[in-house]
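no sequence on this one, just coordinates:
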């Protein structure tokens with residue numbers, strides 16, 4: 001036990017600390033001694049220099065290599081950043097060009113439609129008209145109800161007649177300031193008073209969405225003694241209280257006498273295509289001016305050989 005205790009005391013005595021001031025003094029003494037040895041003995045100086053070079057040279061080469069790699073890395077990062085900026089600028093230019101190209105094609109398309117509308121407008125020079133774009137339609141396969149981008153600010157009013165493909169398309173049921181809703185003649189709620197040419201037989205064209213799936217509308221209330229042939233043109237009559245007179249509707253077909261021999265009925269193929277409407281023409285002439293003059297009626301009679 002005494003021996004173990006003595007050994008423990010000895011180990012405790014060996015755990016001592018050198019004060020910092022002594023370490024500084026020792027290091028200073030060593031430095032001064034080295035400086036003196038280098039001054040008195042140049043060969044000793046060379047030995048110290050060579051030893052330092054051997055120790056520091058690998059470290060210097062490592063540091064130089066690391067510095068070169070860091071410089072290369074920073075250069076690559078700078079290059080990548082520059083490339084990214086150039087790519088962003090190029091993408092922005094491409095997007096701008098694509099948008100410009102899209103607008104150009106849209107303008108060309110709208111110009112073509114406006115030219116078609118202008119040609120249509122020339123067919124109805126007795127009326128004041130404006131072109132409009134279809135911006136929304138009802139659900140379903142056909143444009144039986146749709147919205148256009150013109151309203152009361154453009155002269156459109158509730159009841160205004162709407163044309164497409166050179167023929168009657170429908171009428172405005174509501175006119176807002178900058179938009180209007182249109183009910184097409186193919187809708188089940190639509191009825192249009194018409195007259196055939198050259199026969200001059202009055203009739204009623206009724207909308208039928210189910211029948212229009214075959215491309216047809218109903219033609220009815222024709223006098224039993226009227227003569228209507230397949231392909232006869234049907235236009236709006238001058239007795240209509242809703243539509244301007246003389247506007248083409250479509251072509252009659254399969255008109256037959258009813259079983260009671262009182263009236264005739266058949267079908268009509270509308271001229272306007274209600275599966276794809278993009279642009280329409282709206283008659284903004286007030287409907288109070290809709291009555292066809294005697295001169296206009298005479299001109300239409302001469303054109304189609306109508307009896308008066």
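Alright, I've got the coordinates. As the structure is a prediction and not an experimental result, all values here were calculated from the model. Numbering: from 1, shown residues only.

can you list the weak-confidence ranges in this structure?
Within the chain, the stretches with pLDDT under 70 are 1-16, 34, 37-57, 59-61, 63, 99, 101-123, 289-308.

residue boundaries of the strands in it?
In the chain, the segments counted as strands under DSSP state E are 129-137, 145-148, 161-164, 167-175, 180-184, 191-197, 202-206, 217-223, 233-236, 248-257, 263-270, 279-283.

Just put these in a markdown table and tack on distance to residue 82.
C-beta coordinates here come from the backbone N, C-alpha and C atoms, glycine included. Below are those laid out as a markdown table (distance: least, Cβ to Cβ, whole Å):
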| stretch | distance to residue 82 |
| --- | --- |
| strand 129-137 | 45 |
| strand 145-148 | 50 |
| strand 161-164 | 56 |
| strand 167-175 | 58 |
| strand 180-184 | 55 |
| strand 191-197 | 69 |
| strand 202-206 | 70 |
| strand 217-223 | 67 |
| strand 233-236 | 69 |
| strand 248-257 | 65 |
| strand 263-270 | 63 |
| strand 279-283 | 49 |
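
Same list (the ones you listed) but as a markdown table, adding mean neighbour count.
Putting those into a markdown table (neighbours: other Cβ atoms under 10 Å) gives the following:
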| stretch | mean neighbour count |
| --- | --- |
| strand 129-137 | 17 |
| strand 145-148 | 21 |
| strand 161-164 | 26 |
| strand 167-175 | 22 |
| strand 180-184 | 24 |
| strand 191-197 | 23 |
| strand 202-206 | 21 |
| strand 217-223 | 21 |
| strand 233-236 | 23 |
| strand 248-257 | 19 |
| strand 263-270 | 20 |
| strand 279-283 | 25 |
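
Quick one: closest of those strands to residue 80.
Between residue 80 and the strands of the chain, the tightest spacing by Cβ to Cβ is seen for strand 129-137, at 46.5 Å.

Give me the sheet partners of the closest one and which way each runs.
In its sheet, strand 129-137 lies beside strand 145-148 (antiparallel), strand 279-283 (antiparallel), with partners assigned from DSSP bridges.

Name the surrounding residues that touch the first one.
It stands for strand 145-148. If you take Cβ atoms under 8 Å, 6 or more residues apart in numbering as the criterion, strand 145-148 is touched by 132-138, 156, 162, 179-184, 187, 277, 280, 282.
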